[in-house]
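# the amino acid sequence is not available; the structure is as follows:
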């Protein structure tokens, strides 16, 4: 900002005026009128600061100070709002942020925000769910906020495209819908999901009881030694965060090619990491996940990461996995076993004339390992199954076995409400890897001693 428009005294005034009321101010009106007044005066000269301020504390302080200066100099008040700090925050959130949900977007403990309509907004934490006491001021404000969220990721929602997926900033995904696909009287709806890759480390996953050291060692060893895997579960189970953690736990010599709809992958490891990150693009001139997979083959990676398989791109991923590339991806399914049927359905969307049994055999060859992760009734997340597919029997019946599983013993419930307070259970090593998987990883460079850790019972270890 220009020095003649802002001074440190404004910031000091902002910090110290939280208790100042507007009861004696001279120009009163509806909040929407006050907002429009200040928007007009500030937006013309401070557009850049507005666009940067949501995730910049310095810019936020400057803009709030400037808003407060206009409120006090013009003696503005809004009906029903008596505190100058409250009015300043409301105007700031509507101008530079996303209204009532702004503070929750910045809260690192919030995992998800669900806007059902302009009045009903729910905030999801790891251990609780709350409904905001106040929603947006109007259906129109709600629609404008959802539009702004989508626009932050380059997606335009309008009458011809009233719904779509986008991202607000790095690691914050959103799906939004506006009229006519929602009643105009409700405003709009959105689901916002926040990734917290910096908090999801191997050590944390073990500490939380999500997985064991043996399970994580096995998955990293698979990726390091040419074995593709899928991470499956329902929305909100933490698939993407765990994919980042598993990839970060692999050897530095790996070269990655990551394809995403929104920028969420974070392969840790500093300057030694050899990774290309590309994004898909919507119309006009769309670039699909399938296009990204074909492009990946020209960059000679040894690990390709289509961040989520949703449709016909699964067929290209399967073909890539059968031709020497390691594929790590996520998808929605309700068990490790059912994930293979899910991929089969997606492959059929590619229009192939191959039989379902032949396709399933190809999928098993491409993705020998499936990890099923679930969010349990008490809010905890667990690796429920690590499954190896070993083949397809006549008639298209999948064959395989669990190597690891989480065995639920019981649920502890609240005596009054019956709500599950704690889910009790234990991670178990329940099966051996197959001879084929053993030989595949051994030939790719895995240590025999490490492989023997995943053979049961003791007498089945390889010599």
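That came through, no problem. What you are looking at is a predicted structure, and each value in this text was computed from that prediction instead of being measured.

# from now on I want contacts and neighbour counts done on CA atoms only, so please keep to that.
Fine.

# buried ones in stretch 437-447?
437-438, 440-441, 446 (16 or more other CA atoms under 10 Å).

# residue ranges with poor pLDDT in the stretch 201-350 of the chain?
For the stretch 201-350 of the chain, the stretches flagged by pLDDT under 70 are 270-271.

# which strand in the protein runs the most residues?
Criterion DSSP state E: the longest strand present in the chain is strand 397-413.

# name every strand pairing with it and say which way it goes.
Using DSSP bridges, the strands paired with strand 397-413 in its sheet are strand 381-393 (antiparallel), strand 420-429 (antiparallel).

# need the winner for burial among those.
strand 381-393 (a mean of 22; mean count of other CA atoms under 10 Å).

# how far off centre is it?
Put simply, strand 381-393 sits 23 Å off its chain's centre (CA atoms, centre = their mean, to the nearest Å).

# can you check stretch 215-222 too?
Using CA atoms, centre = their mean, the offset of stretch 215-222 from its chain centre is 22 Å.

# and the contacts of that stretch?
The contact list for stretch 215-222 (CA atoms under 8 Å, 6 or more residues apart in numbering) reads 202, 228-229, 246-247, 249-250, 386, 404, 441, 446, 454.

# follow-up on the earlier one: just send the buried residues of stretch 437-447 back as JSON lines, with secondary structure too.
Formatted as JSON lines, those follow (DSSP: H, G, I helix; E, B strand; the rest coil):
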{"residue": "437", "secondary structure": "helix"}
{"residue": "438", "secondary structure": "helix"}
{"residue": "440", "secondary structure": "helix"}
{"residue": "441", "secondary structure": "helix"}
{"residue": "446", "secondary structure": "coil"}
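
# can you list those in CSV and add pLDDT?
As requested, the buried residues of stretch 437-447 are exported to CSV (pLDDT from 0 to 100):
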residue, pLDDT
437, 96
438, 97
440, 95
441, 96
446, 96
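
# from these, which single one is nearest residue 274?
The nearest member of the buried residues of stretch 437-447 to residue 274, counting by CA to CA, is residue 446 at 21.1 Å.

# how near is the closest one to residue 166?
Distance of residue 446 to residue 166, computed by CA to CA, to the nearest Å: 40 Å.

# next one: residue 335
27 Å.

# and residue 360, by the same measure?
Taking CA to CA, one finds residue 360 at 32 Å from residue 166.

# do the same with residue 372
Residue 372 is 26 Å from residue 166, by CA to CA.

# before we move on, the earlier item: which pair of the contacts of stretch 215-222 spans the longest distance?
202 and 441 (22.1 Å).

# from residue 346, how far out is the residue nearest the centre of the chain?
The centre of the chain sits closest to residue 195, judged by CA atoms, centre = their mean, with a distance of 4.6 Å. Distance, residue 195 to residue 346, by CA to CA: 26 Å.

# list the backbone torsions phi and psi for the residue lying closest to residue 201 once chain neighbours are set aside.
With sequence-adjacent residues excluded and distances taken as CA to CA, 6 or more residues apart in numbering, residue 201 is closest to residue 245, at 5.8 Å. Backbone geometry at residue 245, expressed as degrees, to the nearest 10, gives phi -70, psi -40.

# same question, residue 329
According to degrees, to the nearest 10, residue 329 has phi -150, psi 170.

# okay, and the beta partners of it?
Residues in beta-bridge contact with residue 329 (DSSP bridges): residue 230.

# which residues does it contact?
Residue 329 neighbours (CA under 8 Å, 6+ apart): 229-231, 243, 305-309.

# do residue 194 as well
110-112, 171-173.

# same list, the strands paired with strand 397-413, but as JSON lines with distance to residue 130 please.
Formatted as JSON lines, the strands paired with strand 397-413 follow (distance: least, CA to CA, whole Å):
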{"stretch": "strand 381-393", "distance to residue 130": "20"}
{"stretch": "strand 420-429", "distance to residue 130": "17"}
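
# re earlier: next, the buried residues of the longest strand of the chain.
So for strand 397-413, counting by 16+ other CA under 10 Å, buried means 398, 400-406.
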